[in-house]
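Visitor: prediction below, plus the sequence it came from.
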Amino acid sequence: MSRTTRRRAVRALAPVAGLLAAGLLVWQGSYAAFNASTNNTLNAWATGTMALTNNGGTAAYAGSTPALFVGATPGQPENNMKPGATGFKCITVESTGSVAGTLKFYVTNLTGTAGLQNQLAFTIDAALLSPVTTNVASNCTNFPGSGTTNLATAVALPALPSTFGAQTGMAISGATTQRVAYRIAWTFNSTGTFVGDNALQGKTAGADLNWEIQ
């Protein structure tokens, strides 16, 4: 076969070879023997909640309740006090949120005479209630006799925590409804002199009681 004839034969076979190569690639792609995959679907994010109410010393819970210390209660003379007078009341706070946090107590909006505020000393104890259905009335019926946390002992009204960060807290799990009862006892301390005590006649002192969870 002449050189010219061979060149013509090569040129004639080239398209056929190209078609065979392309077909081989298609066949290999269509009949791959192995494959694997994985996924993670339907991801979602949602926020939890924090919610507090208190019973105001009664059996009904609300976000805001009337004054706990209002006088006219036997043995607890919030009105017509004189040096040496003492009293106590209880209030229960209920957490119904789904997020864990720390529950804290503090006072705000002090009013009245600074001299009287300084002579009112407070001792405050808190207790996580179990079972959760336990309700502590204003006269402290059902307040636990043990397992309490002391938050203040003989602390003057102006010296009580006035912000969330300044107080000892109670741990709230957030998994279920929880109730924490607070026993708030006060004493009207004498100034130590007749002159000092007499200067406090007819005076008033006031404050808001607050609970917050973070």
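Guide: Received it, and whenever you're ready, just let me know what you need.
Visitor: tell me where the chain has strands.
Guide: 52-54, 86-95, 101-112, 120-128, 149-156, 169-172, 178-188, 205-213 (DSSP state E).
Visitor: same for the longest one, what does it pack against?
Guide: Packing partners of strand 101-112 (3 or more Cβ pairs under 8 Å, 6 or more residues apart in numbering; DSSP states H and E): strand 169-172, strand 205-213. Quick note: C-beta positions are derived from backbone N, CA and C, even for glycine.
Visitor: coming back round to it: which among the strands of the chain is found nearest to Cys140?
Guide: strand 86-95 (4.1 Å; Cβ to Cβ).
Visitor: what residues sit buried inside the closest one?
Guide: 87-95 (16 or more other Cβ atoms under 10 Å).
Visitor: pLDDT and distance to Ile172 added to those residues, as JSON lines?
Guide: Converted to JSON lines, the buried residues of strand 86-95 look like this (pLDDT from 0 to 100; distance: Cβ to Cβ, whole Å):
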{"residue": "Gly87", "pLDDT": "92", "distance to Ile172": "28"}
{"residue": "Phe88", "pLDDT": "94", "distance to Ile172": "24"}
{"residue": "Lys89", "pLDDT": "95", "distance to Ile172": "23"}
{"residue": "Cys90", "pLDDT": "97", "distance to Ile172": "19"}
{"residue": "Ile91", "pLDDT": "97", "distance to Ile172": "16"}
{"residue": "Thr92", "pLDDT": "97", "distance to Ile172": "14"}
{"residue": "Val93", "pLDDT": "97", "distance to Ile172": "10"}
{"residue": "Glu94", "pLDDT": "97", "distance to Ile172": "10"}
{"residue": "Ser95", "pLDDT": "96", "distance to Ile172": "5"}
